[in-house]
Structure formats: structure tokens, C-alpha cells
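Colleague: Quick one: sequence plus predicted model below, questions after.
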Amino acid sequence: MTGDSIFPEAVFTLWRVTVVLALIAFVPLTVYMLHSLWRTARSIRTYSREALVAARGIQAGTAALPAANATIGVASELLSAAEAVAKKLDTVATVLEGRAGRRA
């Protein structure tokens, strides 16, 4: 122990050893963990961009669905009109067969 110090020299030696060990062990570990976190953040950004491209492709692929619904509506109207025409043609055919049967 020195004359003007209230702590023994062993305390200072232990403190110096602890600081050196912290610098040797924890600083590289911290740098490694920060680098790992940075790589993970870059991967997330890359995957997010890829997901955005896929989402745009899905949006482009499904953009035609409202048009398909409109086509179904028009097709239903055409089917109704075709059924009405078929009924009228059946009536005309029946009348013509009846007239042909009277002439024969």
C-alpha cells in the first residue's frame, strides 16, 4: 500500500486486469453482434423488396378479376336473351310444322 492511497495496490491491479479483459473479450463480441445485426437487417430489407415485387405481380395478375365479373354479368344477360330467342324459334318452328302438316 502506498502512503497517500487508501486502496491497496491489489485493487488497482484487479481493476486494470478487468478492464483489459473487458476490452479483449467484450469489444470484439459487441462488434461481432452488431455486424450480425447489420447483416440480418440487410437480409430483411432484401426479402422485403422481393416480397414487394411478388405483391406487385399478384396485383397485376388479379387486376383482371373485376373485368371477369363484368364478363359474367354480360354472359348472363346474353344467356337470357338466347333462351328467349330459342323459345321464339321453337314457337316459329311449331307454327311452320303445323302449316306444313295442313298442306300435306
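Modeller: Everything's here; your move. What you are looking at is a predicted structure, and each value in this text was computed from that prediction instead of being measured.

Colleague: ok, which stretches of this structure are helices?
Modeller: Assigned by DSSP state H, the helices in the chain fall at 9-62, 65-103.

Colleague: In terms of mean pLDDT, which of these ranks lowest?
Modeller: Note on these: helix 65-103 shows the lowest mean pLDDT, a mean of 89.

Colleague: what angle sits between it and helix 9-62?
Modeller: 20 degrees (axes from the mean of the first three to the mean of the last three Cα atoms, to 10 degrees).

Colleague: Just the buried positions in helix 65-103, please.
Modeller: The neighbour-count check on helix 65-103 (16 or more other Cβ atoms under 10 Å) flags nothing as buried. (Glycine included, C-beta is placed from N, CA and C.)

Colleague: The chain - how does it break down into domains?
Modeller: Annotated domains of the chain cover 1-63, 65-104 [automatic domain parsing].

Colleague: Return the distance of residue 94 relative to residue 103.
Modeller: Distance, residue 94 to residue 103, by Cβ to Cβ, to the nearest Å: 15 Å.

Colleague: what does residue 85 give?
Modeller: From residue 85 to residue 103 the distance is 27 Å (Cβ to Cβ).

Colleague: go on, residue 97?
Modeller: 11 Å.

Colleague: and the gap between residue 101 and residue 95?
Modeller: According to Cβ to Cβ, residue 101 stands 11 Å off from residue 95.

Colleague: whoops, residue 57 was the one
Modeller: Counting by Cβ to Cβ, the gap from residue 57 to residue 95 is 58 Å.

Colleague: just residue 18 next, same as before
Modeller: Taking Cβ to Cβ, one finds residue 18 at 112 Å from residue 95.

Colleague: before we move on, what about residue 23?
Modeller: 108 Å.
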